[in-house]
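In: can't give you the sequence, but here's the structure:
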């Protein structure tokens, strides 16, 4: 018979032996492999096309945000302007639909992003803009002569409806790493970025600087076909594409008068439009006059 003490010693020896074997095997395996624990592979950078798509979306969204703020401010000014309400309303009704159409055109120019959720967002934006532009097409600057406050309030309501569909782009970036990376790289998505900021800084002369040379000089007769770029330094009539426009350059604005409308644009970059007949862009403007570009839309 075995003594109780012998059994205890034998069992302890087995435990030590097993423990020693296991430990040695693990250490040898670790040293043999010479590798650390696996690390996650770095995320693939977004394509140039996706960064451009996201940047375009941010630019259009920012433009509409600014437009909503400007529209609300314009409506407030019209309501408080008294006798000049009609004048301001005509200008507002001439510029606002064009601004909305420009954003719609920019979004239509975006190719599919390749990210299904992002493409659904683009489709939602285009559907919303299509509905608003269809209603804006029914509005004429001349309507302000009958009810300046009422018609501008209706247009402002349409503009205020142009808020981002849900989920918006920032929400989508939380669910897609490629979108998130593209959003981070697109300069238009950076806080505080403004549409056209760089273009205005480089293309528009300072208000106190010299005006750029106009392609057709002061020859307003070149505008008869609706296509010209002229320098205007004093009030006068310009006939372009069959439309007579009285142009009045001021120190800080340009006023356009036709038999049915009055529009006042301040500074470079302003656009006046008369349906599908004529469009005028203020290329540059200061106290000496204005360079105007007439085109047929």
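Out: Everything's here; your move. Just so it is clear, the structure is predicted and the values come from calculations on it, not from any experiment.

In: Give the rounded mean pLDDT of the longest helix seen in the chain.
Out: Of all the segments assigned as helix in the chain under DSSP state H, the longest by residue count is helix 48-80. Average pLDDT, helix 48-80: 93.

In: and that helix, what does it pack onto?
Out: Where contact means 3 or more Cβ pairs under 8 Å, 6 or more residues apart in numbering; DSSP states H and E, helix 48-80 is packed against helix 85-108, helix 116-136, helix 148-160, helix 169-173, helix 177-185. C-betas here are computed from N, CA, C, even on glycine.

In: The longest one to helix 116-136, inter-axis angle?
Out: Per axes from the mean of the first three to the mean of the last three Cα atoms, to 10 degrees, the angle that helix 85-108 makes with helix 116-136 is 150 degrees.

In: distance between helix 85-108 and the chain's centre?
Out: Mean C-alpha position of helix 85-108 versus that of the full chain (Cα atoms, centre = their mean, to the nearest Å) differs by 15 Å.

In: Then the fourth one?
Out: Distance of helix 169-173 from its chain centroid, counting by Cα atoms, centre = their mean, is 16 Å.

In: name the helices or strands packed onto that helix?
Out: Judged by 3+ Cβ pairs under 8 Å, 6+ apart, the packing partners of helix 169-173 are helix 48-80, helix 116-136, helix 177-185.

In: So which of those is nearest residue 148?
Out: In terms of Cβ to Cβ, the element of the helices and strands packed on helix 169-173 nearest to residue 148 is helix 48-80, at 6.2 Å.

In: so how far is the closest one from its chain's centroid?
Out: 6 Å.

In: Could I get the buried residue list for that helix?
Out: Judged by neighbour count (16 or more other Cβ atoms under 10 Å), helix 48-80 contains these buried residues: 50-64, 67-68, 71, 74-75, 78.

In: between that helix and helix 85-108, what angle do the directions make?
Out: Going by the same axes, to 10 degrees, helix 48-80 makes 170 degrees with helix 85-108.

In: Low-confidence stretches in the stretch 51-200 of the chain?
Out: Within the stretch 51-200 of the chain, the stretches with pLDDT under 70 are 194-200.

In: looking at the helices and strands packed on helix 169-173, which is closest to residue 256?
Out: helix 48-80 (17.3 Å).

In: Quick check: mean pLDDT of the helix or strand hosting residue 263?
Out: Under the criterion of DSSP states H and E, residue 263 resides in strand 261-265. What strand 261-265 shows for mean pLDDT is 81.

In: Which parts of stretch 238-249 count as buried, going by neighbours?
Out: Within stretch 238-249, the residues that qualify as buried are 238, 240-241, 243, 245, 247-249, counting by 16+ other Cβ under 10 Å.

In: to the chain's geometric centre, what's the distance from that stretch?
Out: Averaging C-alpha positions (Cα atoms, centre = their mean) puts stretch 238-249 31 Å from its chain's average.

In: Ends of that stretch, what's the gap?
Out: Criterion Cα to Cα, to the nearest Å; first-to-last residue distance in stretch 238-249 is 13 Å.

In: Contacts for that stretch, please.
Out: By Cβ atoms under 8 Å, 6 or more residues apart in numbering, the surrounding residues in contact with stretch 238-249 are 220, 223-226, 228, 230, 232-237, 254-259, 274, 277-278, 280, 285, 289-290, 292, 294, 296.

In: and the residue lying closest to residue 165 once chain neighbours are set aside, how many neighbours does it have?
Out: Leaving aside its chain neighbours, residue 165 sits nearest to residue 124 (3.7 Å; criterion: Cβ to Cβ, 6 or more residues apart in numbering). With neighbours defined by other Cβ atoms under 10 Å, the count for residue 124 comes to 15.

In: try residue 163
Out: Neighbours of residue 163 under the rule other Cβ under 10 Å: 12.

In: circling back to that earlier point, redo the helices and strands packed on helix 169-173 as TSV? Include distance to residue 151.
Out: Output for these, formatted as TSV (distance: least, Cβ to Cβ, whole Å):
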stretch	distance to residue 151
helix 48-80	10
helix 116-136	11
helix 177-185	38
